[in-house]
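Asker: Make a model of this:
(one chain, ligands or ions: 1)
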Amino acid sequence: MACCDDTCAPFDGASPAYRRALLAVIAINATMFATEVAAGLGASSRALLADALDFAGDAATYTITLWAIGRPLRTRATAALLKGLSLALMALWVLATTAWQVVVQGMPRAEVMGVIGLLALAANLASVLILVRWKDGDANVRSVWLCSRNDAIGNVAVIAAAGGVWVTARAWPDLVVAAAMAGLFLTSSVKIISQAAAELRAAAAAA
Ligand SMILES: [Zn+2]
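Answerer: Numbering: from 1, shown residues only. As a prediction, the model looks like this:
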């Protein structure tokens with residue numbers, strides 16, 4: 001969940017093979033973002049929408065990484081600030097639609113949640129396999145594993161919510177998981193925003 005923030009992307013190398021690896025991971029994350037938003041809306045699952053936030057965040061992070069290689073700190077910090085603000089807005093939207101779902105009492109489709117949750121887990125594992133050979137040094141390897149572990153926890157939470165919806169024939173497992181994930185995501189968006197704002201201030205002071 002909101003794992004792969006700038007700690008996850010510390011490469012300064014810009015080899016063609018590394019760029020191809022990043023593009024592949026961006027494509028996987030962007031595709032899964034679109035898939036989970038469509039499935040979340042189609043199957044009335046807020047947990048799928050909340051999990052989609054992470055794919056949006058990771059796609060944005062890797063896109064900024066690819067684009068920002070060699071650019072000044074102020075440019076990178078501005079990109080990070082925009083990323084943090086748009087992720088915070090999306091998290092607020094997911095929280096609002098989750099609250100609305102409590103009122104309207106829609107019933108999520110557990111089987112769609114389960115299948116898409118498994119697909120999301122596979123997509124995150126594929127991203128790790130693509131990126132892990134680019135991680136040299138202990139800290140980098142560690143951050144890849146922390147990111148993928150957090151992403152996998154999110155995917156497993158969606159699958160667990162699907163199981164809960166299926167067993168209870170109620171919507172609340174979906175709503176509880178969605179609110180928890182979107183809340184955590186909002187918290188880390190605020191961290192991204194304040195870190196980017198601090199970097200912008202530091203860049204302005206240095207200029
Ligand atoms: Zn992630």
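
Asker: show me where pLDDT drops low in this structure?
Answerer: Scanning the chain for pLDDT under 70 picks out the ranges 1-14, 135-145.

Asker: Relative to the whole chain's centre, how far out is the longest helix anywhere in it?
Answerer: Assignment by DSSP state H gives helix 172-206 as the longest helix of the chain. Distance of helix 172-206 from its chain centroid, counting by C-alpha atoms, centre = their mean, to the nearest Å, is 11 Å.

Asker: What residues sit buried inside it?
Answerer: 173-182, 184-186, 188-189, 192-193, 195-196, 199-200, 203 (16 or more other C-beta atoms under 10 Å). Just so you know, the C-beta spots here come from the backbone N, C-alpha and C atoms, and that holds for glycine as well.

Asker: Does anything pack onto that helix? Which helices or strands?
Answerer: In terms of contacts (3 or more C-beta pairs under 8 Å, 6 or more residues apart in numbering; DSSP states H and E), helix 172-206 is packed against helix 46-68, helix 73-104, helix 138-168.

Asker: is the ion contacted by it?
Answerer: No. Figure legend: helix 172-206 not in contact with the ion (C-beta under 5 Å from the ion); closest approach 10.1 Å.

Asker: now swap in stretch 126-137 and tell me
Answerer: No. Stretch 126-137 is not in contact with the ion by C-beta under 5 Å from the ion; minimum separation 8.3 Å.

Asker: tell me the angle the longest helix of the chain makes with helix 138-168.
Answerer: On the basis of axes from the mean of the first three to the mean of the last three C-alpha atoms, to 10 degrees, helix 172-206 is oriented at 150 degrees to helix 138-168.
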